[in-house]
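Peer 1: sequence and predicted structure below; questions after.
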Amino acid sequence: MRTETLALFLAALSLCGCTRPRTAPTRGRPVAQGKAKGLLASPDGTRLAWLERCARSPLPQAPPTCDLLVAPTEGGPAVRVAGGVSSLEGGYAFGPEGTLAALADVDAASGTGTLVVDRPGLAPERVAPAVSFFGFGPKGELGFVSAGELHLAGPGGSPARVEGAGSVATFEFDPSDPSELLARRPAAAGGELVRVSGRVGRVQSRAAAGEYAWSPDGRFVAATVRGPGGTWDLALWAASGEKPPATLARDVQAFSFSRDGSALAFLAGMAPGKPGDLYAAPLEGVREPGRVRPERVASGVGEFRWSSGAARLAWLESFDPRVRAGTLGVGGPGARAATFGKNVTAFDLSPTAAPVAFLEHVTAGGYSVDLRLAPSGAEPVVTVARGVFGFEFAPDGRWLYYRTNCLRNAEACDLFRIPAAGLAAGEAPERVAEGVKSFEFDRAIPDRLLLGFARKDLAALDLAVWQGARLVPVDEVVSPGSARFLPPDGRRIAYVVVAPDRPGVYVAPLP
């Protein structure tokens, strides 16, 4: 049976028009054997963590809890870090320098557990009980909330309680200065926003705070706070926090800084079934929040987001919340907006240049979901393909990839790519592979993709890597969503195999 399955897999790959693989899947090297889930890799790629031996929670709606294990990527015995770890995302995490932290013996009713820290080369350490929240700073600092008290530890250091930061629920490190934090008290304790500087906390806002965030460059702090009329108002502080904030708008539902911190966008005036108004404000060169001047960008907006690589904003206006569709708008602070399509449900901005791609639902000539591209970020717009399920610009912005010609409820599609600037006259899309369920970019080498091919016999994928018009099979019967290129150079892939005869965590080298 396995020989037949492998033969079919290789035959399917050969149909893509790429170089046919000359070898069978490597199947990688087992790091650990047995059922596994929730695979994570350390930022330097030297360690892998995963869950196994999961058990149901005594509360019906609570997630299962599991044993957390960690092992060196290059081989070595797996170490049990903790038991009773929640299988939900955020129950365990790696810090930037490779420290692994987790909440053990989680109590489903209170959501608290014992914080356990595992550092490379040392035995796991139980740090504090009754921890409800933890997180890492940009240089490996560790913060956690134990019995409502905020504690901080430097990289590899011992934790200490922060004075003036009691009765807090969550916190966020300043991305540019890990000695600065924001912490929020729960609504039952007033919802105040507390500013921590030099391990001493003071109240930043006595009004109840909702969403809060540092700007990516650390120059500003923004938060929605309860206003006099009971609405959520958007407040903006300078990073020093020495002066009162500027109130940028009333009745704000969501806000977001651009990736470089040079602009701020927010939605105001939304209500159930009613979209809001989108505003944007430039922050570059501005030092005082009182000098920030938001401008209305569009009305009737239901969704918005920034480009991953530039201060370019995209949104859906004339938004219909029943079908989550609208007219696509693209612009930014001080830029003239351009609009595209009428029934747009998904969109993507090139991370490096002007192109914008989107899915539009059309009925002319029969119902279809068409992928459309505006190469210059303005008219004219070209139709790339009809019947598209999934698309994305490459990390370097050179190519637009998309899946079409799908079968089995989009489980198997043709994967194509075209230049982000559009096709020249006489050019045709480049077919990458057939039968593709998923694709993921290697952020170190944008022209290299990890492809998943859905199986019919199990809820699993067969993996291959595509680079330079060559398709190389990697392994079979892999848990969907578990595979990832490993840092620092993407020359290895880690994944979880769910085949009944060889389950476990694997690492495969790449050519």
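Peer 2: Yes, it's here.
Peer 1: quick check: longest strand of the chain.
Peer 2: When the chain is parsed with DSSP state E, its longest strand is strand 335-349.
Peer 1: quick check: end-to-end length of stretch 447-459?
Peer 2: 28 Å (C-alpha to C-alpha, to the nearest Å).
Peer 1: ok so, going back, C-alpha coordinates for the longest strand of the chain, PDB please?
Peer 2: What follows is strand 335-349, C-alpha atoms only, in PDB (Å, rounded to 0.1, in the frame of the first residue of the first chain):
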ATOM      1  CA  ALA A 335      -2.100  59.900  -0.500                       C
ATOM      2  CA  ARG A 336      -5.000  59.900  -2.800                       C
ATOM      3  CA  ALA A 337      -7.200  56.800  -2.400                       C
ATOM      4  CA  ALA A 338      -7.900  54.400  -5.300                       C
ATOM      5  CA  THR A 339     -10.800  52.000  -5.300                       C
ATOM      6  CA  PHE A 340     -11.300  48.600  -7.000                       C
ATOM      7  CA  GLY A 341     -14.100  46.100  -7.400                       C
ATOM      8  CA  LYS A 342     -17.400  45.900  -5.800                       C
ATOM      9  CA  ASN A 343     -17.700  42.500  -4.000                       C
ATOM     10  CA  VAL A 344     -14.200  42.100  -2.700                       C
ATOM     11  CA  THR A 345     -13.700  39.600   0.200                       C
ATOM     12  CA  ALA A 346      -9.900  39.300   0.300                       C
ATOM     13  CA  PHE A 347      -6.900  41.500  -0.600                       C
ATOM     14  CA  ASP A 348      -3.200  41.700  -0.300                       C
ATOM     15  CA  LEU A 349      -0.700  44.500  -0.700                       C
END
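Peer 1: quick one: the helix or strand that comes right after that strand to strand 335-349, angle?
Peer 2: Going down the chain from strand 335-349, the next helix or strand is strand 356-362, by DSSP states H and E. Per axes from the mean of the first three to the mean of the last three C-alpha atoms, to 10 degrees, the angle that strand 356-362 makes with strand 335-349 is 80 degrees.
Peer 1: strand 356-362 pairs with which strands, parallel or anti?
Peer 2: Using DSSP bridges, strand 356-362 pairs in its sheet with strand 335-349 (antiparallel), strand 368-374 (antiparallel).
Peer 1: tell me the mean pLDDT over the first one?
Peer 2: To tie it back to what came earlier, the one meant is strand 335-349. Averaged over strand 335-349, pLDDT sits at 94.
Peer 1: buried ones in it, by neighbour count?
Peer 2: Within strand 335-349, the residues that count as buried by 16 or more other C-beta atoms under 10 Å are 337, 338, 339, 340, 341, 343, 344, 345, 346, 347, 348, 349. Yep, even glycine has a C-beta here, placed from its N, CA and C like the rest.
Peer 1: same question for stretch 193-205.
Peer 2: For stretch 193-205, by 16+ other C-beta under 10 Å, it's 193, 194, 195, 196, 199, 201, 204, 205.
Peer 1: what does stretch 169-182 give?
Peer 2: Neighbour count says stretch 169-182 has 169, 171, 172, 173, 174, 175, 178, 180, 181, 182 buried, by 16+ other C-beta under 10 Å.
Peer 1: centre of the chain to stretch 453-463, how far?
Peer 2: Its chain's average C-alpha position is 24 Å from that of stretch 453-463, according to C-alpha atoms, centre = their mean, to the nearest Å.
Peer 1: straight-line length of that stretch, end to end?
Peer 2: This stretch, stretch 453-463, spans 6 Å end to end (C-alpha to C-alpha).
Peer 1: do the same with stretch 478-491
Peer 2: One end of stretch 478-491 sits 19 Å from the other (C-alpha to C-alpha).
Peer 1: repeat that for stretch 301-315.
Peer 2: One end of stretch 301-315 to the other measures 7 Å (C-alpha to C-alpha).
Peer 1: contact partners of that stretch?
Peer 2: The contact list for stretch 301-315 (C-beta atoms under 8 Å, 6 or more residues apart in numbering) reads 254, 256-260, 262-263, 265, 267, 270, 275-278, 280, 297-298, 316-317, 319-321, 324, 326, 328-333, 335, 347, 349-352, 356, 377, 397.
Peer 1: out of the residues you listed, which are buried?
Peer 2: Among the contacts of stretch 301-315, those classed as buried by 16+ other C-beta under 10 Å are 254, 256-260, 262-263, 265, 267, 270, 275-278, 280, 297-298, 316-317, 319, 326, 328-333, 347, 349-352, 356, 377, 397.
Peer 1: what segments of the stretch 201-350 of the chain are strands?
Peer 2: Here the stretch 201-350 of the chain has its strands, by DSSP state E, counting those that start in this stretch, at 209-214, 220-226, 232-238, 246-249, 252-257, 263-268, 276-282, 295-301, 303-306, 313-320, 325-332, 335-349.
Peer 1: kind regards, and thank you for your time.
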